[in-house]
Structure formats: C-alpha cells, structure tokens
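Q: Could you work out the structure for the sequence below:
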Amino acid sequence: MKPAKVVSINERAIENLKYIRETMERAGSFTAVPGWGGILMGISALLTALLSRHLPSRDLWFAGWLGEAGLALAIGGWAMMQKARASESALLYGPGRKFALSLCPGMIAGLVLTIVMYRQRLFELMPGAWLLLYGVSVVTGGAFSVKVVPIMGLSFMALGTIALFVPFDWANWCMAAGFGLIHIAFGLVIARRYGG
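A: Numbering: from 1, shown residues only. As a prediction, this is how the structure comes out:
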C-alpha cells in the first residue's frame, strides 16, 4: 500500500486561491474596452467621412476608408492596452480572451467580404456590410464586457441595415454616423462610467 501524500496547508491555500482567481476571471466581464480610444476612433472616422466624399473615384474612397480602418485598429489596440494596464486587467486571459475570440469572427467575415466586394466593384454595399459586421463583432464581443458594449453593437447593426438600402452618398454619411458619432457617444459613456 502506498503512503498518502502529505500536502502542506500553504500549498493547499495557494491552490484554492488560484482556483478562485481563475473562476472569477472566467465569470467576470471585460472592462478594458477603451472609451477614450473610441472617441479618438470616432473623430478620425468623421474626418475620413468628410474627406472621402470629395475624392474623385470609388477606388480612392475605398483606400481612404481602408486607411481609416487601419488607423482605428491601431488606436483601439493601443487604447485597450493602456486601459488594461491601468486597471491591471488581462487582455489575453479570462474575459479579455473571450472578448477577443468573440470579436474576431465577424471581423474576419468583414475582411473576406471586403475583398470579394472590391473585386466585384460593389462599392455601394461596402458601407452597410462594414457597419453591420462591425456591429455583429461588437455585440458578440460585448457579451463578455460591460452592458453598454452590446448596445453599441446593435446601434452599428441598425445603421448598417439602413446603409444597405440608401444611395451611396447617404451610405457614406451612415459611416460617419456609425464609425464617427456612435464611437464618440458610446466612448463618452464608457469613459465616464467604466474608467476611461
């Protein structure tokens, strides 16, 4: 018969604390959604909407908004890292990981559809598809975040649906309202209520 393994009370306490911490991380919500970053993303989107409506071709319009998407991704990523660091939240563990994994499928679908729409020269569908799929991403990611994030995603989805049924010139204003004004409005709410 094998002798029983003796576990010190300290080892047992450390294991219990580790289990409790991991359980709380899995159950918690991701609060590193950047309010101030959303405001900056909104401002850059408004500027892009104003500039892009004067561009002489749809290809330049597309390039302008593609550049804006890259800038917004950089702003959002930087702001999220800053907020996570300040609040000592983990970006790649617990709720942060769930948030990211839920956000990605809609974004990847948007990327694939953008390539297809560009190849088919379907510029008129891009604003609606972008807003709609970004909204889907925010809603699904927001399931692991604070309550206001999924509401923001639903706002993007509603605006994307509208953009699919209006003329292209109006769709550009839907992009300004969505990526600009919605980001600014919800960014202010997140910054005030959820610490930046």
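
Q: Thr47 - how many residues pack around it?
A: Just to correct that, residue 47 is Leu rather than Thr. Neighbours of Leu47 under the rule other CB atoms under 10 Å: 15. (Glycine included, C-beta is placed from N, CA and C.)

Q: what does Asp59 give?
A: 12.

Q: host element of it?
A: helix 58-87 (DSSP states H and E).

Q: now that helix, how far from the chain's geometric center?
A: Centroid separation for helix 58-87 versus its chain: 10 Å, with CA atoms, centre = their mean, to the nearest Å.

Q: Return the list of helices and strands in contact with that helix.
A: helix 35-52, helix 126-142 (3 or more CB pairs under 8 Å, 6 or more residues apart in numbering; DSSP states H and E).

Q: downstream neighbour of that helix in the secondary structure list?
A: Following the chain from helix 58-87 toward its C-terminal end, the next helix or strand by DSSP H and E is helix 94-119.

Q: And that following helix, how far out from the chain middle?
A: Averaging C-alpha positions (CA atoms, centre = their mean) puts helix 94-119 10 Å from its chain's average.

Q: the inter-axis angle of that helix versus helix 58-87?
A: Interaxial angle, helix 94-119 versus helix 58-87 (axes from the mean of the first three to the mean of the last three CA atoms, to 10 degrees): 170 degrees.

Q: Check which helices and strands helix 94-119 sits against.
A: By 3+ CB pairs under 8 Å, 6+ apart, helix 94-119 packs against helix 9-27, helix 126-142.

Q: between these, which gets the lowest average pLDDT?
A: Mean pLDDT is lowest for helix 9-27 among those, at a mean of 61.

Q: which ones are touching Glu52?
A: No, residue 52 isn't Glu; it's Ser. Neighbouring residues of Ser52 by CB atoms under 8 Å, 6 or more residues apart in numbering: 60-61, 64-65, 172.

Q: let's go with 7 Å and repeat that
A: By CB atoms under 7 Å, 6 or more residues apart in numbering, the contact set of Ser52 is 61, 64-65, 172.

Q: Same check on Ile14?
A: Ile14 neighbours (CB under 7 Å, 6+ apart): none.

Q: Need the helices and strands packed on helix 58-87 in TSV (columns: distance to Leu71).
A: Putting the helices and strands packed on helix 58-87 into TSV (distance: least, CB to CB, whole Å) gives the following:
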stretch	distance to Leu71
helix 35-52	6
helix 126-142	15
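
Q: Of all the ones you listed, which one is nearest Tyr194?
A: Shortest distance between Tyr194 and the helices and strands packed on helix 58-87, using CB to CB, is found for helix 35-52: 6.6 Å.
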